[in-house]
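Q: Build the 3D model from these lines:
(one chain, ligands or ions: 1)
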Amino acid sequence: MSNDNGTSAIQRRGLMLVLSSPSGAGKTTLSRQLLDNDNQIRLSVSCTTRQKRPGERDGVDYRFVDPPTFRGMIERREFLEYAEVFGNYYGTPRGPVDEILGAGMDVLFDIDWQGTQQLRDKGRADLVTVFILPPSTRDLEKRLLTRAQDSKDTVALRMMKAADEMSHWAEYDYVVVNSDIGTSLTSLKAILTAERLKRERQVGLSVFVKGLREGR
Ligand code: 5GP
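A: Predicted structure coming up:
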């Protein structure tokens, strides 16, 4: 559970870690494992108008809302970003993100390229983006079929959309090819550690160094 990167005594500014990938590249598994392994990062739970899949929990995986509720949230500007994906709406509620960052922790976003673009357009210095690629098309198809949570039509549609989603890889800061979950998790942790160590994110450094120089 430790995530000590040597800076735990120094106050730092939280960052926004975005993970995007085509469906079936293992992004959900990777996100869960990262959250389980690191107590300084919290998931941004998105709102969606899509139907709940078996095993999904309202308020944990998503907040499942109906289209009028979603539209109301858009009108009240409650979303940091939102987009239409596969005919459903998905959006990131602004409040919880501000709360997590305000508490000095990091936020993990599992969002598509459209949402990432919106966050990037806001010019936020706290944004770190990672694109997850599957090792092969065959592998991607296999994972979508074995998951079997979606209808055959949806799987076919998702395979078509995967090619489109993957065309956005070059817009991301980091790219991880997910051949092995353990190796990919190690890579994600390395990205997070390095980004946390960036000088401008360690806002408590001047106080810390002052203390060192004064012999405290
Ligand atoms: P799924 O329906 O498989 O859970 O998600 C479909 C796609 O929607 C995934 O690529 C996922 O990353 C994306 N997604 C989930 N939540 C959000 C969100 O709040 N905003 C945006 N832009 N995309 C999202």
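
Q: pLDDT below threshold where in this protein?
A: Scanning the chain with the threshold set as pLDDT under 70 gives 1-8, 147-150.

Q: What ranges does it have for its strands?
A: Across the chain, reading from the start of the chain, the strands by DSSP state E fall at 16-20, 41-43, 47-48, 63-64, 79-85, 88-93, 106-110, 127-133, 174-177.

Q: Pull the residues that contact the fourth one.
A: Contacts of strand 63-64 with the rest of the structure, by CB atoms under 8 Å, 6 or more residues apart in numbering, involve Val45, Ser46, Cys47, Thr48, Thr49, Arg50, Gln51, Lys52, Asp58, Pro93. Every C-beta, even on glycine, is put in place using the N, C-alpha and C of the backbone.

Q: Now tabulate those in TSV and tack on distance to the ligand.
A: Putting the contacts of strand 63-64 into TSV (distance: CB to the nearest ligand atom, whole Å) gives the following:
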residue	distance to the ligand
Val45	9
Ser46	3
Cys47	7
Thr48	6
Thr49	10
Arg50	5
Gln51	9
Lys52	10
Asp58	13
Pro93	8
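
Q: Just the buried residues of those.
A: Buried members of the contacts of strand 63-64, scored by 16 or more other CB atoms under 10 Å, are Val45, Ser46, Cys47, Thr48, Thr49, Pro93.

Q: Could you find which two of the residues you listed are furthest from each other?
A: Longest distance between any two of these is 14.7 Å, between Val45 and Thr49; criterion CB to CB.

Q: Smallest gap between the protein and the ligand, at which residue?
A: Here the chain gets closest to the ligand at one residue, Gly115, 2.5 Å apart by CB to the nearest ligand atom.

Q: Would you quantify the distance from the closest residue to that residue other than its chain neighbours to Thr116?
A: Using CB to CB, 6 or more residues apart in numbering and skipping the chain neighbours, the partner closest in space to Gly115 is Glu81 (4.4 Å). Noted for Glu81: a distance of 8 Å to Thr116, by CB to CB, to the nearest Å.

Q: cool, Pro67 as well?
A: Using CB to CB, one obtains 23 Å as the distance from Pro67 to Thr116.

Q: who has more neighbours, the two?
A: Neighbours were tallied for Pro67 and for Thr116 using other CB atoms under 10 Å; the higher tally belongs to Thr116 (23 against 10).

Q: Look at Ile10 and say how many residues are nearby.
A: Using other CB under 10 Å, Ile10 has 15 other residues around it.

Q: oh, I was asking about Ala103
A: That count, for Ala103 with other CB under 10 Å as the rule, works out to 10.

Q: And for the one 5 residues further on?
A: Here the number of neighbours of Leu108 (other CB under 10 Å) works out to 22.

Q: I figured it hits Leu17, correct?
A: Yes. The pair formed by Leu108 and Leu17 meets the contact definition of CB atoms under 8 Å, at 5.2 Å.
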